[in-house]
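Here's a sequence, model it:
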Amino acid sequence: MDDVLGNISKQWNKHHVVYMSNASMPREMLEKEFCVRFVSSSPHAAPLELIHGVKESIEKAASNGIIAWDCKLHHEVMLIPYKLFLAGDNPMQ
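Residues are numbered from 1 along each chain as shown. Purely as a prediction, here's the structure:
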């Protein structure tokens, strides 16, 4: 979770952003910017509301699985995410 300021028409519009990374990746990869994924952003929702929505989505995907196409093996696979939330250095966490 991060507080970010967006610049529109020379006005600062505060909004909250949620990013996610894969916890099973090596630490060297997690430090690279391309391994961090954008999840959600809102100028109106509180940070806890955003995190609640993300948590519900992960729980639903963990219970039902996600069908995806494996381009290397050329067949469908089921992805089952695990919710592993670790607090960072942000006071909102």
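
rest of the way, CA atoms for contacts and neighbours
Will do.

can you pull the pLDDT of the nearest residue to residue 51 once chain neighbours are set aside?
Excluding its sequence neighbours, the residue lying closest to residue 51 (Cα to Cα, 6 or more residues apart in numbering) is residue 18, at 7.6 Å. What the model reports for residue 18 is a pLDDT of 89.

before we move on, what about residue 2?
51.

now swap in residue 82 and tell me
With respect to pLDDT, residue 82 has a value of 80.

secondary structure class for it?
coil (DSSP: H, G, I helix; E, B strand; the rest coil).

Count residues in the vicinity of it, would you?
By other Cα atoms under 10 Å, 12 other residues sit near residue 82.

hang on, it packs against residue 60?
No - assessed by Cα atoms under 8 Å, residue 82 is found out of contact with residue 60, at 10.5 Å.

Report the distance from stretch 63-71 to the chain centre.
18 Å (Cα atoms, centre = their mean, to the nearest Å).

ok, and for it, which residues are buried?
Residues of stretch 63-71 include none that count as buried (16 or more other Cα atoms under 10 Å).

Ok, stretch 20-27 next?
Buried-residue list, stretch 20-27, by 16+ other Cα under 10 Å: residue 21.

Report the separation between residue 22 and residue 55.
For residue 22, the distance to residue 55 equals 15 Å [Cα to Cα, to the nearest Å].

same deal with residue 39?
11 Å.

same check, this time on residue 78
Taking Cα to Cα, one finds residue 78 at 19 Å from residue 55.
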